[in-house]
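The sequence and its predicted three-dimensional model are supplied below.
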Amino acid sequence: MGSAVEPRRLVIAMSGSSAPQLGITLLDTLRTDPLIETHLVVTEAAHRSIVLESDSSVDDVKAMADVVYDASDYSASISSGSFQTVGMAVVPCSMSTLGSIANGVSASLAARAADVTLKERRPLVLVTRETPLNLIHIRNMVAVTEAGATVLPPTPAFYHRPESIQDLLDQTIGKVLDQFAIPHKLFERWTTPEDSRS
């Protein structure tokens, strides 16, 4: 898994589901990490959700990444398995993008890069954003899991006593970073409560 490339290259795709704040939080967290080089692709649908749902412009979001690719550029480095990375995160991952990845349909650079990640046996994390789920969604999640991906829905936790929406975003992104063994201090980890210890 991964490679010995320094800095470690992480591919990040933002697709067009709700909650672009998830991808923004991931990029914001990593932009000051000298050991991680972020390679970003933003789908056309994600352009729209960024404008509609966040206080950031698309240019602001792209400026957080080290390298940015045009969503329709199939000649991009991340479309080839010979380009070494430590894996890929699709944050957020729409059901359309999930369906493309699950069925090997490389209709976008994001889906192609995900397909490459799977075939090279590198970690692929999909922060899937939809509720409730229909059977097609669930079957696609099974398919990508069987292919080696990790489905990581942004399910809020409350053991760390979040006080803001940002606290909830940080907890999800911390779980994403854990999948790539990238150190962070985004949330307080669970420990055995004092009153439960013998």
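Received, thanks.

in the top helix by length along the chain, what's buried?
Identified as the longest helix of the chain according to DSSP state H is helix 165-179. Buried positions in helix 165-179, judged by neighbour count with 16 or more other CB atoms under 10 Å: 167-177. Quick note: C-beta positions are derived from backbone N, CA and C, even for glycine.

my guess is Leu186 contacts Asp167, does it?
No. Here Leu186 does not reach Asp167: they are 9.0 Å apart, not a contact under CB atoms under 8 Å.

mind listing the helices for the protein?
21-30, 44-53, 58-63, 95-102, 109-119, 135-147, 165-179.

Can you check which of those helices gets nearest to Asp73?
helix 109-119 (6.0 Å; CB to CB).

Just the buried residues of the closest one, please?
109-118.

Next, the contact list for Val144, please.
Contact analysis of Val144 by CB atoms under 8 Å, 6 or more residues apart in numbering lists 98, 101-102, 118, 124, 126, 151.

Show me which of those is closest to Pro34.
The closest of the contacts of Val144, once distances to Pro34 are taken by CB to CB, is Leu124, at 24.3 Å.

The helices of the chain: which one's closest to Trp190?
Among these, helix 165-179 comes nearest to Trp190, with 11.1 Å by CB to CB.

Give me the mean pLDDT for the closest one.
Averaging pLDDT along helix 165-179 yields 96.

what helices or strands is it leaning on?
helix 21-30, strand 88-93, strand 124-128 (3 or more CB pairs under 8 Å, 6 or more residues apart in numbering; DSSP states H and E).

follow-up on the earlier one: which one of the buried residues of helix 165-179 is nearest to Asp55?
For the buried residues of helix 165-179, the nearest to Asp55 is Leu169 (13.3 Å; CB to CB).

what sits against the closest one?
So Leu169 contacts 21-22, 25, 154 (CB under 8 Å, 6+ apart).

Look up how far Thr150 lies from it.
18 Å (CB to CB, to the nearest Å).

Tell me the buried residues in stretch 80-91?
Within stretch 80-91, the residues scored as buried using 16+ other CB under 10 Å are 83, 85-91.

What pLDDT does the model give Arg189?
Looking at Arg189, the pLDDT reads 89.

count of neighbours near it?
9 (other CB atoms under 10 Å).

Equivalent analysis for the one 4 residues further on, please.
Counted with other CB under 10 Å, the neighbours of Pro193 add up to 8.

Quick check: phi and psi at it.
phi -60, psi 150 (degrees, to the nearest 10).

follow-up on the earlier one: the helices of the chain: which one's closest to Glu6?
Glu6 sits nearest to helix 21-30 of all the helices of the chain, at 15.1 Å, using CB to CB.
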